[in-house]
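**Q** Here you go, sequence then predicted model.
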Amino acid sequence: MEWTLKEDRVAVIALHRCGYAPIQIFNILKNLNITKRFVYRTIKRYNEDSSVDDRSRSGRPRSVRTPAVIKAVKARIQRNPKRKQKLLALQMGLSRTTVKRVLNEDLGLRAYRRKTGHRLNARLMDLRLKRCRALLKRYAGKKYREILFSDEKIFTVEESYNKQNDKVYAHSSEEASNRIPRVQRGHFPSSLMVWLGVSYWGLTEVHFCEKGVKTNAVVYQNTVLTNLVEPVSHTMFNNRHWVFQQDSAPAHRAKSTQDWLAAREIDFIRHEDWPSSSPDLNPLDYKIWQHLEEKACSKPHPNLESLKTSLIKAAADIDMDLVRAAIDDWPRRLKACIQNHGGHFE
């Protein structure tokens, strides 16, 4: 139970009824941070009213935030929960402050940012459900820490920008614009495709896909698999058992790629076992890429070479505690996907 002002009064009156003088009560209860005036006033009010409850207060009755207004706001929000406070205030002839207090204090509502997600139909949801169950069973316990997760992402030379969280403290918008330069965007900025592998035990080297060269099965095998994936058996995993994960891109699910991995006795998650359309189940997608982009693209780059240098440095400096936390979150995400019957869960 929370200790409130009423409990202070009860303690004072209890001692008063036992015959203690006000000054004695104060000395006994001073650890409650009460004053002598509080003791005397509490005893006086008790003698007058025989009660320790708050007295009723006479105040001006509400004239704007009335039950009828609260009911009307509630009805409008139920019909369309995407309403903007400013527009709602204009439509109802209320101040924005009144609308905000009705929503927050009277209705207990808060505004939350809408979430985006990959498109899922009934077939994909059913596949995700079945494959998540199989993966959760296959990598029960700590076996998921044996997986080398991989993915590709396109980076541009432009500055990373989050509309929701990138704020500038200033006295006015003009001052903010003068203190911090605008985030500039152009048409078709220079970009590159990056491949990376992460596990509980470390990261592979950052691989930059060659510009203008289509990453088909042969190119994928000769560059990524040969130079980056195959060596981790002896380096990252120190000859221990490990598992390679890749998504269902054409070069990854090609029969020649699957045969290439099998011929080298590399255990891997086959494309028919990995949930497609599931960036929310790959640690790179739901955590690592965002971190690397924030670090490497905190400012615009003059060219691709500058971007490459920053990405290599960001990957080299990444905190392994962050990587391990993301990978340890993987089983929970599988369970969440199962609980939502293969649908979105975040």
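**A** Received, thanks. Residues are numbered from 1 along each chain as shown.
**Q** from here on, contacts and neighbour counts on C-alpha atoms
**A** OK.
**Q** looking at it, residue 280 is touching residue 286, isn't it?
**A** Yes. With contact defined as CA atoms under 8 Å, residue 280 counts as touching residue 286 (5.6 Å).
**Q** who has more neighbours, those two?
**A** The neighbour count for residue 280 versus residue 286, taken as other CA atoms under 10 Å, is higher for residue 280 (19 against 15).
**Q** got a list of what that one touches?
**A** When contacts are counted by CA atoms under 8 Å, 6 or more residues apart in numbering, residue 280 touches 286, 333.
**Q** Quick check: it vs residue 229, distance?
**A** Going from residue 280 to residue 229 by CA to CA, to the nearest Å gives 23 Å.
**Q** what's the answer for residue 213, then?
**A** With CA to CA as the criterion, residue 213 and residue 229 are 20 Å apart.
**Q** more neighbours, those two?
**A** Between residue 213 and residue 229, counting by other CA under 10 Å, residue 229 is the more crowded of the two (21 against 8).
**Q** from what I can see, the more buried one looks like it's in a strand, true?
**A** No. Residue 229 is assigned helix when assessed by DSSP: H, G, I helix; E, B strand; the rest coil, not a strand.
**Q** Enumerate every residue touching it.
**A** 197, 204.
**Q** Could I get the pLDDT score of it?
**A** pLDDT, residue 229: 96.
**Q** For residue 127, grab the count of nearby residues.
**A** Neighbours of residue 127 under the rule other CA under 10 Å: 18.
**Q** ok, for it, nearest residue in space, not its chain neighbours?
**A** With CA to CA, 6 or more residues apart in numbering as the criterion, residue 127 has its nearest non-adjacent residue at 6.7 Å, and that residue is residue 275.
**Q** Quick one: neighbours of the one you found, just the number.
**A** 23.
**Q** tell me the contacts of it?
**A** Per CA under 8 Å, 6+ apart, neighbours of residue 275: 127-128, 131-132.
**Q** Closest one of the residues you listed to residue 344?
**A** residue 128 (10.3 Å; CA to CA).
**Q** Look at the residue nearest to residue 127 and tell me its secondary structure.
**A** coil.
**Q** now swap in residue 169 and tell me
**A** coil.
**Q** Could you give me the buried positions within stretch 14-26?
**A** 15-16, 22, 25-26 (16 or more other CA atoms under 10 Å).
**Q** just the strands in the stretch 51-200 of the chain please.
**A** Using DSSP state E, counting those that start in this stretch, the strands of the stretch 51-200 of the chain run over 147-156, 191-199.
**Q** Show me what the longest one is packed up against.
**A** Strand 147-156 is packed against strand 191-199, strand 243-244, with contacts defined by 3 or more CA pairs under 8 Å, 6 or more residues apart in numbering; DSSP states H and E.
**Q** Toward the C-terminus, what is the element adjacent to the first one?
**A** In the C-terminal direction, the helix or strand that comes right after strand 191-199 (DSSP states H and E) is strand 202-203.
**Q** strands paired with that following strand, and their directions?
**A** Strand 202-203 pairs in its sheet with strand 191-199 (antiparallel), by DSSP bridges.
**Q** Please state the mean pLDDT value computed over the partner strand.
**A** pLDDT averaged over strand 191-199 gives 96.
**Q** Give me the phi and psi angles of the closest residue to residue 333 other than its chain neighbours.
**A** Nearest residue to residue 333, sequence neighbours excluded (CA to CA, 6+ apart): residue 281, at 6.5 Å. Main-chain dihedrals, residue 281, degrees, to the nearest 10: phi -120, psi 10.
**Q** Wait, residue 281 touches residue 331, no?
**A** No. Assessed by CA under 8 Å, residue 281 is found out of contact with residue 331, at 9.1 Å.
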